[in-house]
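1. Predicted model follows, preceded by the sequence.
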Amino acid sequence: MRYVSTRGVAPARRFTEILLEGLAPDGGLYVPESYPQLDLETLRGKPYIELAHAILSPFMDDVPDLKNCIEKTYTTATFGDPEITPLRTLESGLHILGLSNGPTLAFKDLAMQLLGHLFESVLTAQKKQLNILGATSGDTGSAAEYAMRGKQCVNVFMLSPHGRMSAFQRAQMYSLQDPNIHNLAVQGVFDDCQDLVKKVNADAAFKERYRIGAVNSINWARIAAQVVYYFKAYFSATQNNTQEVAFAVPSGNFGNLYAGYVARCMGLPIRQLILASNENDVLDEFFRTGKYRVRQAALATSSPSMDISKASNLERYVFDLLQRDAARVSGLFSAGAEFDLASVPRAGFLSGRSSHADRIATIKSLYRQYGVTIDPHTADGVKVGLEHRQPGVALICLETALPAKFSATIREALAHEPTRPAGFEKLEDLPQRFEIIPPDAEAVKRYIAAHSLG
Ligand SMILES: *Cc1c(COP(=O)(O)O)cnc(C)c1O
């Protein structure tokens, strides 16, 4: 498989060449030259590992020990269930897909754990080392750190906004004592952290000398890994391969829902992909009206992992929407802030938005009706999914985090604490290790230079 850039200038590359990079050199995102077509008959009933291998091997055809990486990643020990992504049925035709039983209790573990094993495999083969620099508002950073901890060939430098994450999220990241994991608490907000990553990456000499890499949601390996659970969920929710389903997905950077779109391009009978935004509704507006307007800044909400002002992965979808016209995509996205595709049909997507009050009401109503507790992000997806539910089409709502991560909102909705999975009871009491730094790119570079590998 070869990968091309959505901006059309960068040369086509193989998977292992794009694995360790962020953006293509022309500023675009890499996408596969074509979508492999899968035969549903041969896949139905396969366990997660075999399904993952069938779906990922066309995308990752130059990773020699892919099978081994997949087998090391998707274990009952890591994901707490032999199904890996168990489907919970609330009532006939309404399901919650459990994606959040990995080490950091959010769906990002499913892709990030595989990324850790792929990095290790490819870097070891190339006898290379990598310094990963990232910014997080919570879930990405912890998923990356738990995936990379203890790996000989990688160092992680994770920037987080000092004092702005939940106590649980902070404890999860800062309690890691592995010498290759570095938490930098920036005196600023999440946007400051992202700006610092951009500034360090803009210094080409520094980037080259210290081999700076990324694990953000535009990484194709993460998208591909997420395609797998759409297939798994489909086979769990249906009896035969003619049935159609709908997926409701709480969305931020559009990585998760875009993976559902890729699954449909590979032959999965998905009738509707239902996008849920929170108060930061840039994506909802795009899917309803065709207008894309990057916001000045993200609002802070009670589903914080969806607080975005622009959606990084949207460019990949727009590339297909415009029949892969790279010149046109380049015009739209390099100009940046605003465009209008109202005249281009966006078939197969529905969308909606959810507010704090909706979130609270949805958490309450699922608890009363079905006795299940869902997290605030999942609640956004359920709220919008139910608004678009169609008779005769199974609705599968993706659970993107466990409620234990967001206890303040759960207390507000249900007046009790969410249950904590085993092993997390005393998380906040563990000793924490992090470094407070000013929002200054030179300070980040000095820290990396002093703590990087070889
Ligand atoms: C990252 C995240 C999202 C948003 O996913 P995208 O792929 O960025 O659209 C939603 N919910 C939770 C809990 C997350 O961590």
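-> Done, it's in.
2. Near the ligand, which residues of the stretch 51-200 of the chain are found?
-> 106, 108, 139 (C-beta under 6 Å from any ligand atom). In this view, the C-beta of every residue, glycine as well, is placed from N, C-alpha and C.
3. can you pull the contacts of the second one?
-> With contact set as C-beta atoms under 8 Å, 6 or more residues apart in numbering, residue 108 has these partners: 139-140, 143.
4. From the residues of the stretch 51-200 of the chain next to the ligand, pick the one nearest residue 226.
-> residue 108 (9.3 Å; C-beta to C-beta).
5. ok so, going back, need the residues of the stretch 51-200 of the chain next to the ligand in TSV with secondary structure, can you?
-> Output for these, formatted as TSV (DSSP: H, G, I helix; E, B strand; the rest coil):
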residue	secondary structure
106	strand
108	helix
139	helix
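6. Would you reformat the residues you listed as a markdown table and include pLDDT and distance to residue 287?
-> A markdown table is the format used below for these (pLDDT from 0 to 100; distance: C-beta to C-beta, whole Å):
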| residue | pLDDT | distance to residue 287 |
| --- | --- | --- |
| 106 | 96 | 24 |
| 108 | 97 | 23 |
| 139 | 84 | 23 |
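7. In the stretch 1-150 of the chain, where is pLDDT below threshold?
-> Residues of the stretch 1-150 of the chain meeting the criterion pLDDT under 70: none.
8. For the residue of it at minimum distance from the ligand, which non-adjacent residue is closest in space?
-> Distances between the stretch 1-150 of the chain and the ligand by C-beta to the nearest ligand atom are smallest at residue 139, namely 3.4 Å. Once flanking residues are discounted, residue 139 sits nearest to residue 106: 4.4 Å by C-beta to C-beta, 6 or more residues apart in numbering.
9. For that neighbour, grab the count of nearby residues.
-> Neighbours of residue 106 under the rule other C-beta atoms under 10 Å: 27.
10. Show me what it is bridged to.
-> residue 401 (DSSP bridges).
11. Contact partners for it?
-> 100, 139, 142-143, 305, 400-402, 405.
12. can you list the residues you listed in JSON lines and add neighbour count?
-> Listed next are the contacts of residue 106 as JSON lines, based on neighbours: other C-beta atoms under 10 Å:
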{"residue": "100", "neighbour count": "29"}
{"residue": "139", "neighbour count": "26"}
{"residue": "142", "neighbour count": "30"}
{"residue": "143", "neighbour count": "29"}
{"residue": "305", "neighbour count": "26"}
{"residue": "400", "neighbour count": "27"}
{"residue": "401", "neighbour count": "24"}
{"residue": "402", "neighbour count": "25"}
{"residue": "405", "neighbour count": "27"}
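13. ok, these vs residue 130, which is closest?
-> Closest to residue 130, out of all of the contacts of residue 106 and judged by C-beta to C-beta, is residue 143, at 17.0 Å.
14. The closest one and residue 323, how far apart?
-> 34 Å (C-beta to C-beta, to the nearest Å).
15. Quick check: the gap between residue 445 and the ligand.
-> Using C-beta to the nearest ligand atom, to the nearest Å, residue 445 is found at 27 Å from the ligand.
16. Quick check: pLDDT value at that residue.
-> You'll see residue 445 listed with a pLDDT of 97.
17. what does the one 5 residues further on give?
-> You'll see residue 450 listed with a pLDDT of 95.
18. List the buried residues for the host helix or strand of it?
-> Assigned by DSSP states H and E, residue 450 belongs to helix 441-451. Within helix 441-451, the residues scored as buried using 16 or more other C-beta atoms under 10 Å are 441, 444-445, 448.
19. for stretch 229-240, same thing?
-> 229-238.
20. do stretch 406-416 as well
-> Going by neighbour count (16+ other C-beta under 10 Å), the buried part of stretch 406-416 is 406-407, 409-410, 413-414.
21. between those, which is nearest the ligand?
-> Nearest to the ligand, judged by C-beta to the nearest ligand atom, of these is residue 406 at 8.5 Å.
22. sec struct for that closest one, please.
-> Once three-state DSSP is applied, residue 406 turns out helix.
23. That one contacts residue 302, correct?
-> Yes - between residue 406 and residue 302 there is a contact under C-beta atoms under 8 Å: 7.4 Å.
24. one step back: need the contact partners of the helix holding residue 450.
-> The contact list for helix 441-451 (C-beta under 8 Å, 6+ apart) reads 131, 133, 155, 157, 159, 182, 184, 196, 199-200, 203, 206, 210, 212, 435, 437.
25. how about 10 Å then?
-> The list of residues contacting helix 441-451 from outside it, by C-beta atoms under 10 Å, 6 or more residues apart in numbering, reads 131, 133, 155, 157, 159, 179-180, 182, 184, 186, 193, 195-203, 206, 209-210, 212, 435, 437-438, 440.
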